[in-house]
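Q: give me a 3D structure for the following:
(4 chains)
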Amino acid sequence: MRFLDHMFERSTRLVAARTSRRSALARLGTLLVGGSLLPLLPIDRVARAAEAGKSGDPGDPTACDYWRYCAIDGYLCTCCGGTINTCPPGAEPSAVTWVGTCRNPADGKDYIIAYNDCCGKGACNRCLCNRNESDEPMYRPFANNDINWCLGAKHMSYNCTVARISGVAK
Amino acid sequence: MRFLDHMFERSTRLVAARTSRRSALARLGTLLVGGSLLPLLPIDRVARAAEAGKSGDPGDPTACDYWRYCAIDGYLCTCCGGTINTCPPGAEPSAVTWVGTCRNPADGKDYIIAYNDCCGKGACNRCLCNRNESDEPMYRPFANNDINWCLGAKHMSYNCTVARISGVAK
Amino acid sequence: MRKLGLLCTAASLAAASWMAGATLPEEPLGQEKLSEPDPHRSYIVDMEFDSLVVGRVTVVDPDKMQYLGMVTVGLGAPATLSKDRKILYTADTFYSRGARGQRTDVLTAHDTTTLAPLWEVEIPPKRASNIAERYQLTLIDDDRLALIYNFTPATSVTVVDTQKKAVVGEIDIPGCALNYPAGQRRFASICGDGNLLLVSLDENGKESGRQRLPFFDPNKELLLERAAFKDGVYYFVSYLGRVHAVDLFAEQPKVLEPWSLVSETEAKKNWRPGGWEMLAISPAADRLYALMHADGYQGSHKDPSTNVWVFDLKSHKKVATIESPKPLWSLRATQDEQPLLLGLDIEGGLNVFDARSGQHKGTMEGIAKTAPYLLTH
Amino acid sequence: MRKLGLLCTAASLAAASWMAGATLPEEPLGQEKLSEPDPHRSYIVDMEFDSLVVGRVTVVDPDKMQYLGMVTVGLGAPATLSKDRKILYTADTFYSRGARGQRTDVLTAHDTTTLAPLWEVEIPPKRASNIAERYQLTLIDDDRLALIYNFTPATSVTVVDTQKKAVVGEIDIPGCALNYPAGQRRFASICGDGNLLLVSLDENGKESGRQRLPFFDPNKELLLERAAFKDGVYYFVSYLGRVHAVDLFAEQPKVLEPWSLVSETEAKKNWRPGGWEMLAISPAADRLYALMHADGYQGSHKDPSTNVWVFDLKSHKKVATIESPKPLWSLRATQDEQPLLLGLDIEGGLNVFDARSGQHKGTMEGIAKTAPYLLTH
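A: Down below sits the predicted model:
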């Protein structure tokens, strides 16, 4: 499915609008998806902090307000045994994906972020995060974060979502 | 499986010891099973209250401290669309059961209570109640409330538990 | 059987044996059955997002605030109800080993009084999996044909004949999504280019024609796809609160004149619609209910809110506002003459309002884990 | 592909395009793999009692307080680990339609570094379903034979050859329960009449002999069946805190002299053991850890507690007490030279203590939903 993946990413060039409300939204993030209150668990924030704050890539990848999560909807793989671009052990990466365009506050550039789902297990149930800055309706699926993108993996069951850099929106 | 059911009930005559700690235990009841804090939901207490307080059968059958629940472990069917002796719609009654002997505070008699599980659906997840006054170890299964007694139904999946009167411990 | 030991028995038995009076009778083991559904009975579609391997539909009586029962369904299954109130349909995905193994998709018919499965039809393993919404599983032709939205990511609609209990067709809807009933044997899909695609079916459930109806300009404003319905007309709303209605049951479908939920003053304060199923209509009250939030922003279109605005469907005037005790995510109005407005809140509660007066009648707390929407007959 | 519209793009792009400096590189999509397990790696068996259709085993590093991953398992599945640390076994029950349909029971081998399934063997659909505990799924004969406890309510043990990947036998254990390893090719079951039943197997996994060992008097005191283990000896405890140990790995199994966790003074205050897996042993520290509560009563044997009592296994003296910040339900001590004491609390947290000093090193909160026990290598 790699060719599909590539095609889908290139077909969308959506830029997230950033507002002063981002932090409020980040807080709301834990409330939104599925309509229930689920905890954002800080357990291994410390362990993961080493990854964060890299020069040019500021912020905490286990926090919903991390810049790359501007259009994510799901459990953060960084809290689930994965990293910002790798699935947890045993969770199958789904090649087909939706994308958002998020601005990196360090260089002011707009990056295309691929939100690949990790699949084949039940939900991780940690660090639920939903932000919709560049989310579009279901009839524009490749910019829609309500879809279970495990359809590109062997199984539809959903574990968590990564947020890897897939290019710059030039 | 009716003959089995009958045999099992008769083979055990266990009397629950009652102590002044019952109400404390009832409060603990929601904490114990499976080791997690799950809410005891009072939603249809009002609706079910009509059933309770029957002459000779005092108390609230949707509350964990109801006298019949002295050896129960599970979700109360009275909160799940069933009654004290009927399974919720679509949930299969399991004929094989474990029993406890609980004293009715109205007449001071010790009743044999059959805790039939209702099966074939996922857990009701309402009114979790665990009391172990006459619970015995797993090598005495018919007095053990840790066992999933859906083995007497078509499916092992567990929905909730009833607590019907099955006789008097003479 | 081995003899089981007695603990603390002797004293208790002695105490009991001499006591006089009638004893409570032995009770049989039984199973409940529900009465025929009334128009207020509610079916909460709960994805159980904390595990997302199976889900459930929870059945409640919102008048008595009573839990009636539940059915366990497949991964993220959408649901719909038959017009005769006898059947709850779900479009399920199951795996042979829980979250993995062999995939099987089925359309399942559940009896609304016994809450037991009646029958199932295996369907192509391609049904759309997403935060479940109303128009991904629908019924047309007097409930004879069930329509199931597929996303692979190619989009299509599976057609099931519920009398033959068989799949009778699959209809490609490239560039479009969902299946809104649009006449006796017709459905509409909403398309990324701003058109509605209308597909007509013949008696065998095969496509007999299709047409495109220009509906909105996607370069000007995008419509949220989760619409409300009354008398053949669907009401969509844009991110900024413009209502785009379309009459799809007319022989010649017709787009109606757009109008706005927000005044110019309200627009300046960025009042916008938000939530999941954020629109509801009571046909009897002729009211549209919309979940609205102030200080909206790019990306706030799924934010919950405690504000429900009430519009007269004829005059398009805001006639009331309802304040919910909890932030709501999805609405549903019952379709009868004494309508309730039902709101799922973000903590898993169901809030019940009188749809005419707006009075809050109560909240069933903790009735759901993660429920995107609810159904009534 | 259709062209997708751009929202709020122009201004942002203009702003970005003239900015100088290196851009972050594109990143590949990958999958993590765990290192070889260390002796502290912990596997939390979580029944997910809120839905109870599937469960999960959650893998954590208690030193780094880090979540490592999870596997989804069947309904109420027990788990165990191979001695070479390579395999996590689970005994699963699945239904073809979630909570209903065709039942399939399997023994599943999961790789402890990839957390992916390696292989499975279908087993008779009769494995015991209960609040999961350690000795319902065990390994003997250098992990060649897996033993699975069955309850229908007749009791038996299924024997699986993990090299042949096949069921090689089923052994009836009437009146008895569970399968405690008891020598190279022998297991013990605990019986309602107070005996231990010892069953020897031949090379093919068939029964080659059985004997009964009188162990306790059920008319005097009942033993909780969830034992702790060290060097061939199992430590059981009675409701009132008497320790009954039995050496089952000796050629001729031997019951050891009972001793008590509670002094006479403590017994008067009704200090008793309580919880699920309420006992743990660190072989290196030679300590027994017991969850104890004051004011015990008939029925308090599963009550959680914040009190852990620490006993020297040679002197049987209480040498320390540990106060947990949260009420604990199950304990596990790691089996290495720098042992940790791990405690699952009733809110789903994992509490980590230095097993020698008793120092509380931290709590991983919300790591489980409803976890009866945990494993370490």
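
Q: residue C:227 in helix, strand or coil?
A: strand (DSSP: H, G, I helix; E, B strand; the rest coil).

Q: count of neighbours near it?
A: Residues lying near residue C:227 (other CB atoms under 10 Å in any protein chain shown) number 23. All C-beta spots, glycine's among them, are computed from the backbone N, C-alpha and C.

Q: try residue C:26
A: Residue C:26 has 14 nearby residues by other CB under 10 Å.

Q: and it, how close does it get to residue B:107?
A: 15 Å (CB to CB, to the nearest Å).

Q: same thing with residue A:114?
A: From residue A:114 to residue B:107 the distance is 70 Å (CB to CB).

Q: these two: who's more crowded?
A: Neighbours per residue (other CB under 10 Å) separate residue A:114 from residue B:107, with residue A:114 holding more: 25 against 19.

Q: what sits closest to the more buried one if chain neighbours are left out?
A: Among residues not flanking residue A:114 along the chain, residue A:166 sits closest, at 4.1 Å (CB to CB, 6 or more residues apart in numbering or on different chains).

Q: by contact count, what packs against the one helix or strand the one you found maps to?
A: If you go by DSSP states H and E, residue A:166 is part of strand A:164-168. In this structure, strand A:164-168 makes packing contacts with strand A:110-115, judged by 3 or more CB pairs under 8 Å, 6 or more residues apart in numbering or on different chains; DSSP states H and E.

Q: pairing partners for the strand it packs on, with directions?
A: strand A:98-103 (antiparallel), strand A:164-168 (antiparallel) (DSSP bridges).

Q: of those, flag the one that's most buried.
A: strand A:98-103 (a mean of 26; mean count of other CB atoms under 10 Å in any protein chain shown).

Q: quick check: mean pLDDT of that strand?
A: Confidence over strand A:98-103, taken as the mean pLDDT, stands at 93.

Q: try stretch C:42-60
A: Mean pLDDT, stretch C:42-60: 98.

Q: that one near chain B at all?
A: Yes. With CB under 8 Å from any CB of the partner chain as the measure, stretch C:42-60 is seen reaching chain B through C:54, C:56, C:59.

Q: what lies in contact with the strand holding residue A:166?
A: By CB atoms under 8 Å, 6 or more residues apart in numbering or on different chains, the residues outside strand A:164-168 that reach it are A:9, A:68, A:84-85, A:99, A:109-114, A:116, D:23-29.

Q: disregarding residues adjacent in the polypeptide, which is nearest to residue 61?
A: Since no chain was named, I'll use chain A. Here the residue nearest residue A:61, using CB to CB, 6+ apart, is residue A:78, at 4.4 Å.

Q: the intended chain is chain C.
A: In space, residue C:61 is closest to residue C:68, 5.8 Å off (CB to CB, 6+ apart).

Q: hang on, that neighbour packs against residue B:89?
A: Yes. In this structure residue C:68 lies within contact range of residue B:89 using CB atoms under 8 Å: 7.1 Å.

Q: three-state assignment of the residue nearest to residue A:61?
A: helix.

Q: relative to chain D, how far out is it?
A: Remark: distance between residue A:78 and chain D (CB to the nearest CB, to the nearest Å) = 10 Å.

Q: wait, isn't that residue in contact with residue A:84?
A: Yes. If you go by CB under 8 Å, residue A:78 and residue A:84 touch, sitting 5.8 Å apart.

Q: the two: which is more packed in?
A: residue A:78 (29 against 22).

Q: could I get the pLDDT score of the more buried one?
A: Per the predicted model, pLDDT is 98 at residue A:78.

Q: contact partners for residue C:29?
A: Applying CB under 8 Å, 6+ apart, the residues near residue C:29 are B:85, B:86, B:87, B:93, B:95, B:114, B:116, B:162, B:164.

Q: got it, and residue C:275?
A: Residue C:275 sits in contact with C:291, C:302, C:303, C:304, C:305, C:328, C:329, C:330, C:331, where contact means CB under 8 Å, 6+ apart.

Q: right, and chain A sits closest to which residue of chain C?
A: Relative to chain A, the nearest point of chain C is residue C:370 (3.1 Å; CB to the nearest CB).

Q: quick check, that residue in a strand?
A: No. Counting by three-state DSSP, residue C:370 is not part of a strand but coil.

Q: surely it meets residue C:51?
A: No. Using CB under 8 Å as the test, residue C:370 is too far from residue C:51 to be in contact (10.0 Å).

Q: who has more neighbours out of these two?
A: For residue C:370 versus residue C:51, neighbours defined as other CB under 10 Å are more numerous around residue C:51 (28 against 25).

Q: now that one: closest residue in space, sequence neighbours ignored.
A: residue A:122 (4.8 Å).

Q: sketch out the low-pLDDT regions of chain A for me.
A: Low-confidence regions of chain A, defined by pLDDT under 70, span residues A:1-54.

Q: oops, could you answer that again for chain C instead?
A: C:1-21.

Q: ok, residue C:278 touching residue C:225?
A: No. Between residue C:278 and residue C:225 no contact is recorded; they are 11.5 Å apart, counting by CB under 8 Å.

Q: out of those two, which sits in the busier spot?
A: residue C:278 (27 against 22).

Q: from chain B, how far out is that one?
A: Counting by CB to the nearest CB - residue C:278 and chain B are separated by 25 Å.

Q: same thing with residue A:128?
A: With CB to the nearest CB as the criterion, residue A:128 and chain B are 19 Å apart.

Q: then residue C:249?
A: Taken as CB to the nearest CB, the span from residue C:249 to chain B is 34 Å.

Q: could you list every residue that touches that residue?
A: Per CB under 8 Å, 6+ apart, neighbours of residue C:249: C:182, C:183, C:231, C:232, C:233.

Q: rerun that using 10 Å as the cut-off
A: Counting by CB atoms under 10 Å, 6 or more residues apart in numbering or on different chains, residue C:249 touches C:181, C:182, C:183, C:184, C:186, C:229, C:231, C:232, C:233, C:234.

Q: and it, which of the three is it?
A: Applying three-state DSSP: residue C:249 is coil.

Q: do residue A:142 as well
A: On the basis of three-state DSSP, residue A:142 is classed as helix.

Q: contact residues of the stretch 201-350 of chain C facing chain B?
A: C:349, C:350 (CB under 10 Å from any CB of the partner chain).

Q: any chance you could map the strands in the stretch 201-350 of chain C?
A: According to DSSP state E, counting those that start in this stretch, the stretch 201-350 of chain C carries its strands in the segments C:207-214, C:223-230, C:233-238, C:242-247, C:254-255, C:259-260, C:272-273, C:279-282, C:287-293, C:305-312, C:318-333, C:340-345, C:350-354.

Q: JSON lines for those, including distance to residue D:163?
A: Converted to JSON lines, those look like this (distance: least, CB to CB, whole Å):
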{"stretch": "strand C:207-214", "distance to residue D:163": "56"}
{"stretch": "strand C:223-230", "distance to residue D:163": "55"}
{"stretch": "strand C:233-238", "distance to residue D:163": "62"}
{"stretch": "strand C:242-247", "distance to residue D:163": "66"}
{"stretch": "strand C:254-255", "distance to residue D:163": "69"}
{"stretch": "strand C:259-260", "distance to residue D:163": "72"}
{"stretch": "strand C:272-273", "distance to residue D:163": "62"}
{"stretch": "strand C:279-282", "distance to residue D:163": "61"}
{"stretch": "strand C:287-293", "distance to residue D:163": "60"}
{"stretch": "strand C:305-312", "distance to residue D:163": "61"}
{"stretch": "strand C:318-333", "distance to residue D:163": "53"}
{"stretch": "strand C:340-345", "distance to residue D:163": "53"}
{"stretch": "strand C:350-354", "distance to residue D:163": "54"}
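
Q: take those and lay them out in CSV including distance to chain A.
A: Listed next are the strands of the stretch 201-350 of chain C as CSV, based on distance: least, CB to the nearest CB, whole Å:
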stretch, distance to chain A
strand C:207-214, 13
strand C:223-230, 5
strand C:233-238, 10
strand C:242-247, 12
strand C:254-255, 16
strand C:259-260, 19
strand C:272-273, 12
strand C:279-282, 14
strand C:287-293, 10
strand C:305-312, 11
strand C:318-333, 4
strand C:340-345, 6
strand C:350-354, 11
